[in-house]
Structure formats: structure tokens, C-alpha cells
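>>> task: produce atomic coordinates for the following.
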Amino acid sequence: QVQLVESGGGLVQAGGSLRLSCAASERAFKNYAMGWFRQAPGKEREFVAAVSWSGGSTLYADFVKGRFTISRDNAKNMVYLQMNSLKEEDTAVYYCGAVRAARTVVDGTLYHYWGQGTQVTVSS
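Here you go, the predicted model:
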């Protein structure tokens with residue numbers, strides 16, 4: 001069982017930055033590929049970014065390319081999402097997920113564990 005706890009969300013003005021963190025409880029954390037997803041009100045959860053178990057491979061949704069960066073620190077059991085140039089449409093609850101895989105995984109239905117989410121609100 002992997003427990004994931006997100007933090008770092010909040011209210012920020014458009015153009016600003018936030019850094020989300022996800023802490024994992026599992027000692028075998030390095031065996032999991034990780035991802036960030038988001039869900040806006042009235043919309044389905046969507047893929048944002050993913051990182052391989054080693055951290056050597058990353059993948060991004062087109063709408064965040066060049067603005068967001070996913071990274072991980074296996075020594076600390078942490079995953080991060082650096083979000084720059086935030087837009088109002090980035091407003092959502094952001095979730096961290098873990099999947100027992102080596103490579104990046106886009107399909108959220110394949111993820112085994114999820115955090116409780118952290119709210120990101122971008123104002124104009």
C-alpha cells in the first residue's frame with residue numbers, strides 16, 4: 001500500500017508560479033512511475049505530467065509543455081510539479097498518482113494509488 005500526500009497548492013495570480021509536492025510512504029518508491037493529474041469543476045480528471053521510476057524520462061500534456069516541470073527525488077520519496085506562467089484555466093484540484101511501472105504512464109486508469117489532491121486556483 002502506497003500512501004501519497006500532496007501539498008503546495010494555493011491561490012496565485014495569472015502568470016505566477018507554484019510548486020506542488022507529493023510525499024510517498026512506500027520504501028519501494030523507486031519501483032513506481034509517478035504522475036500528476038488534475039480535475040476542474042464539471043470536468044473529468046486529465047493527465048498533466050508523468051515521470052519514469054528513474055526520473056530519466058518525462059512526459060507532458062500539450063497544454064503544459066514549456067510551463068510545467070515534473071521531477072522526483074527517490075532518496076526522499078518525493079515527486080514535484082513546478083508550475084510556471086500559470087493561467088486561469090490551470091485552476092483545478094491536482095492529484096499525484098503512482099503506478100507499478102518503469103516507464104511514464106499517461107492513462108490514469110492504470111494508476112494504482114492516488115493522493116487526496118491539492119487545490120490550485122489561478123486568478124486573473
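>>> and the nearest residue to V93 once chain neighbours are set aside, how many residues sit next to it?
Among residues not flanking V93 along the chain, G117 sits closest, at 4.2 Å (CB to CB, 6 or more residues apart in numbering). Heads up, the C-betas are built off the backbone N, CA and C, glycines and all. G117: 18 surrounding residues under other CB atoms under 10 Å.
>>> contacting residues for G117?
By CB atoms under 8 Å, 6 or more residues apart in numbering, the contact set of G117 is 6, 39, 93-95.
>>> for it, give me phi and psi.
phi 100, psi 150 (degrees, to the nearest 10).
>>> V122 touches S17, doesn't it?
No: using CB atoms under 8 Å as the test, V122 is too far from S17 to be in contact (10.5 Å).
>>> which residues are common contacts for these two?
L86.
>>> these two: which has the busier surroundings?
The neighbour comparison of V122 against S17 (other CB under 10 Å) goes to V122, with 20 against 11.
>>> residues contacting the more buried one?
Contact analysis of V122 by CB under 8 Å, 6+ apart lists 12-14, 16, 86-91.
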